[in-house]
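Student: This is the structure alone, sequence omitted:
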């Protein structure tokens, strides 16, 4: 099982209004182990960067002036993530931006390029409803050292997210997002339908089933048979 933990930094918050990707960071997991392989690039967006965004990631137009355009790194990016399952925090954001960049070049989007995507933000909210689910909050919850994270950075955040994801899913099967058409009840993430599959089922042993049946019998006896799991006698229904 090959997974790519991915993060991006951008010029602003919305690709629909012309914001662009300026940094991509990826680390590779194979069978839930970090391999040491990573992909990291800075990208010249050919446009300005919002002051609010600079305050978050510290990347300036001057720094990016001599960096390649997305067209110059797209093949290397595709080669690194191809056929892998992506692990992204707030996947809707990164998937939207990357699909926009790929679309501008007429390249296949992530639903064609990759095997699926796991949204760790969605997963964290499902596991701990009402609790903070930012990357920093999850690092605190799972006791992952992020003291060196003074600014957002795509590669650093991908490395931290890999540790968070492994802690969140320890002892579990992977939560997949299928890239097929969504079934009823599924939620879409910018074209990537979310589906939880592969949950491990642990069946009760024969001894456990017998103990359960005995416990139910004791409860039924104490309640004189007035239990929801015991159907009424036929004559009672007729009456």
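Tutor: On my side now, so go ahead. Worth saying up front: this structure is predicted, and the values here are computed from it rather than measured.

Student: any weak-confidence spans in this structure?
Tutor: 149-151, 171-202, 225, 227-239 (pLDDT under 70).

Student: how does it look with 50?
Tutor: Scanning the chain for pLDDT under 50 picks out 173-187, 193-199, 236-239.

Student: could you pull out the strands for it?
Tutor: Under the criterion DSSP state E, the chain contains strands at 2-10, 21-30, 33-42, 85-88, 116-119, 187-189, 192-194.

Student: Determine which of the ones you listed approaches residue 101 most closely.
Tutor: Within those, the stretch nearest residue 101 is strand 21-30; the backing value is 5.4 Å (C-beta to C-beta). Placement of C-beta: from N, CA and C, glycine included.

Student: between the closest one and strand 33-42, how many degrees?
Tutor: With axes from the mean of the first three to the mean of the last three C-alpha atoms, to 10 degrees applied, the angle from strand 21-30 to strand 33-42 works out at 170 degrees.

Student: ok, and the closest non-adjacent residue to residue 212?
Tutor: Leaving aside its chain neighbours, residue 212 sits nearest to residue 204 (7.1 Å; criterion: C-beta to C-beta, 6 or more residues apart in numbering).

Student: circling back to that earlier point, in JSON lines, list the strands of the chain along with distance to residue 138 and mean neighbour count.
Tutor: Formatted as JSON lines, these follow (distance: least, C-beta to C-beta, whole Å; neighbours: other C-beta atoms under 10 Å):
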{"stretch": "strand 2-10", "distance to residue 138": "13", "mean neighbour count": "24"}
{"stretch": "strand 21-30", "distance to residue 138": "16", "mean neighbour count": "22"}
{"stretch": "strand 33-42", "distance to residue 138": "17", "mean neighbour count": "14"}
{"stretch": "strand 85-88", "distance to residue 138": "13", "mean neighbour count": "25"}
{"stretch": "strand 116-119", "distance to residue 138": "13", "mean neighbour count": "25"}
{"stretch": "strand 187-189", "distance to residue 138": "19", "mean neighbour count": "16"}
{"stretch": "strand 192-194", "distance to residue 138": "19", "mean neighbour count": "21"}
